[in-house]
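Chemist: got a predicted structure plus its sequence, pasted below:
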Amino acid sequence: MTKKTIKMWIETARPKTLPLALATILTGSALAYWAGSFHWGITVLCLLTTLFLQILSNFANDYGDHQKGSDTAERIGPLRGIQQGAISVAQLKKGLYVMIALSFLCGALLIGMAYQNISDLIAFSMLGVLAIVAAITYTVGSKPYGYLGLGDISVLIFFGLLGIGGTYYLQVHDFSAVILLPAIASGLLATAVLNINNLRDIEQDRKAGKNTLAVRLGPHNGRVYHCFLLSIAALFYLLFALMNLRNPLSFVFLLTYPLLFKHAHFVFSHKEPVALRPMLAQMSLIALLINGLFSFGLLLG
């Protein structure tokens, strides 16, 4: 395997999006610690499972878009390995199988370590299979839901409600409605990362019949929607902190809000899709920073 091929595999895994997996598990585990229950082994397996699922989704995205002719030379984002010919369709398909196996293995080890009763075993086994299926069918299949504008809902669920809620429950073995606030907030930030990607590729996606939510909303409303995602996320983090945290240092995550505002202003005011190219990595890192500081506040509170 040449250096170029290795580089293309890394690019296909989309490392700029992987901080979202870390942010999700970090917040879910910090919430578990705040609730009085934390388990290193479960945290590590949650992180590995989420990382493999995200890479699986990224591989499947490239595979599905290539099969449907959505990724062309007109694409504003970086060209993937399969577009440049460095990775063949057969090789990418094998990569999908490897990621499926790794996701399944880590998920099975996680459930085996964390479950306490048969209900947990059945429920999380079903959720694990659902997560693998969802990662693949975003762009693969006869009716991929990413082409129907449902990707945003999927990201909100898997990077918010299930990602954080599942990480929390597997350690605490209880559920508190109040964690829905940071779970939804984290999910909204992850959705904003997807929205940047879709705003950037809006013209090409429209031509290819990939009707993402950004395509359905249009460029202007897609930018308004982006600001809405960030605003509600910021509000929900703050509401949780005001309701549950007493240490003033627990509000350190508020230091990231000017970054959110600056990012939102840039996205809203720059109409050319090419200007959004560096915003995807920026949004992903901002999401990690907010979740990291919010988690730090939970450890203090």
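Modeler: That came through, no problem.
Chemist: dihedrals phi and psi, Ala35?
Modeler: Phi and psi for Ala35, reported as degrees, to the nearest 10, are phi -80, psi 0.
Chemist: what is the burial count for the nearest residue in space to it that is not next to it in sequence?
Modeler: Leaving out its chain neighbours, the residue that sits closest to Ala35 by Cβ to Cβ, 6 or more residues apart in numbering is Val172, at 5.0 Å. Backbone N, C-alpha and C define where each C-beta goes, glycine included. Neighbour count for Val172, taken as other Cβ atoms under 10 Å: 20.
Chemist: report the contact partners of Val172.
Modeler: Ala32, Ala35, Gly36, Ser37 (Cβ atoms under 8 Å, 6 or more residues apart in numbering).
Chemist: let me know the pLDDT of the second one.
Modeler: Model confidence at Ala35, given as pLDDT, is 95.
Chemist: I figured it hits Tyr168, correct?
Modeler: Yes - between Ala35 and Tyr168 there is a contact under Cβ atoms under 8 Å: 7.3 Å.
Chemist: tell me which of the two has more neighbours.
Modeler: Tyr168 (27 against 16).
Chemist: show me the shaky parts of the protein.
Modeler: For the chain, the stretches flagged by pLDDT under 70 are 1, 69-86.
Chemist: longest helix in it, please.
Modeler: Determined from DSSP state H, the single longest helix within the chain is helix 40-68.
Chemist: list the buried residues of that helix.
Modeler: 42-66 (16 or more other Cβ atoms under 10 Å).
Chemist: do stretch 243-263 as well
Modeler: By neighbour count with 16+ other Cβ under 10 Å, stretch 243-263 contains the buried residues Asn244, Leu245, Ser250, Phe251, Val252, Phe253, Leu254, Thr256, Leu260, His263.
Chemist: so which residues of the protein form helices?
Modeler: Using DSSP H, helices in the chain cover 3-13, 19-34, 40-68, 81-84, 89-114, 118-137, 151-156, 162-172, 180-200, 202-208, 213-217, 219-244, 257-269, 279-300.
Chemist: could you dump those into CSV with distance to Lys143 added?
Modeler: What follows is these, written out as CSV (distance: least, Cβ to Cβ, whole Å):
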stretch, distance to Lys143
helix 3-13, 24
helix 19-34, 26
helix 40-68, 11
helix 81-84, 22
helix 89-114, 19
helix 118-137, 8
helix 151-156, 13
helix 162-172, 22
helix 180-200, 18
helix 202-208, 15
helix 213-217, 16
helix 219-244, 23
helix 257-269, 30
helix 279-300, 26
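Chemist: ok, the closest residue to Leu213 other than its chain neighbours - contacts?
Modeler: Of all residues not flanking Leu213 in the chain, Gly149 sits nearest, at 4.5 Å (Cβ to Cβ, 6+ apart). Contact analysis of Gly149 by Cβ under 8 Å, 6+ apart lists Asn211, Thr212, Leu213, Val215, Arg216.
Chemist: just these now: which is nearest Phe228?
Modeler: Distance to Phe228, by Cβ to Cβ, is smallest for Leu213 among the contacts of Gly149, at 11.9 Å.
Chemist: what's the burial count for the spatially closest residue to Pro219 that is not a sequence neighbour?
Modeler: In space, and not counting its chain neighbours, Pro219 is closest to Ile202: 6.1 Å by Cβ to Cβ, 6+ apart. Neighbour count of Ile202, defined by other Cβ under 10 Å: 21.
Chemist: isn't Leu238 right up against Leu260?
Modeler: No - if you go by Cβ under 8 Å, Leu238 and Leu260 don't touch, sitting 11.6 Å apart.
Chemist: backbone dihedrals for the residue nearest to Leu213, please?
Modeler: The phi/psi pair for Gly149 (degrees, to the nearest 10) is phi 80, psi 20.
Chemist: for it, give its distance to Met283.
Modeler: 20 Å (Cβ to Cβ, to the nearest Å).
Chemist: repeat for Ala32
Modeler: From Ala32 to Met283 the distance is 26 Å (Cβ to Cβ).
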